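[1] how would this look folded up:
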Amino acid sequence: MPDRLRTQGTPPPEAKDARFFRAALPLAGLVALAVGGCWWWITFHQMRPPMAELRDGRRRIVIDERGESGSFRSLPQPIREALVETLRTGTVPLSTEARSSATTDAELQQWSRAAGGSHLVLGVAHARAGSLDDAAREFEALVKENPKSPLARQLLEQVKSQRAR
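    Next up is the predicted model:
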């Protein structure tokens with residue numbers, strides 16, 4: 001009689017263990033894939049560390065070894081190129097030529113709209129326009145947000161040294 005009950009209703013205890021392992025095997029595979037993926041991601045990012053990292057308002061700007069950042073993709077091409085050059089070389093493109101005030105004002109307005117409150121973008125814009133006092137003020141705010149950043153300090157010092165001349 002007990003054999004007949006076993007075949008009609010409840011599975012033997014060995015069958016329950018087998019079901020558990022069959023259900024747990026895919027889960028263990030997923031865990032192994034997740035752990036392996038994390039290991040590769042960490043290894044990859046340790047091999048290519050960012051050149052610099054800046055906080056700029058609410059933005060976090062990560063700059064690679066080419067001076068590029070994904071944070072600048074939404075900016076217009078001339079602004080993006082000037083920022084990439086600034087970050088790649090560590091120097092601000094200062095205005096050496098006399099520009100008309102209409103061109104300078106229009107360019108500053110375009111940069112201000114694109115900046116979205118970015119001290120880096122505004123500092124570079126003011127430096128390009130020849131307004132070194134405003135550029136220094138923007139780079140000082142950038143240094144306050146990034147006190148350990150040599151890049152932010154370097155940009156501020158360059159503008160201050162040009163302003164002193």
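[2] Which positions within stretch 136-155 qualify as buried?
    Neighbour counts over stretch 136-155 (16 or more other Cβ atoms under 10 Å) mark 136-139, 141-143, 146, 149, 151-152, 155 as buried. Quick note: C-beta positions are derived from backbone N, CA and C, even for glycine.
[3] got it, and stretch 73-85?
    75, 79-80, 82-84.
[4] want to try TSV for those, with distance to Ala52, pLDDT and secondary structure as columns?
    Listed next are these as TSV, based on distance: Cβ to Cβ, whole Å; pLDDT from 0 to 100; DSSP: H, G, I helix; E, B strand; the rest coil:
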residue	distance to Ala52	pLDDT	secondary structure
Leu75	18	79	coil
Ile79	19	81	helix
Arg80	17	81	helix
Ala82	17	83	helix
Leu83	12	83	helix
Val84	13	81	helix
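[5] Can you lay out those residues as a markdown table showing distance to Ser118?
    Shown next, in a markdown table, are the buried residues of stretch 73-85 (distance: Cβ to Cβ, whole Å):
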| residue | distance to Ser118 |
| --- | --- |
| Leu75 | 9 |
| Ile79 | 10 |
| Arg80 | 12 |
| Ala82 | 13 |
| Leu83 | 9 |
| Val84 | 14 |
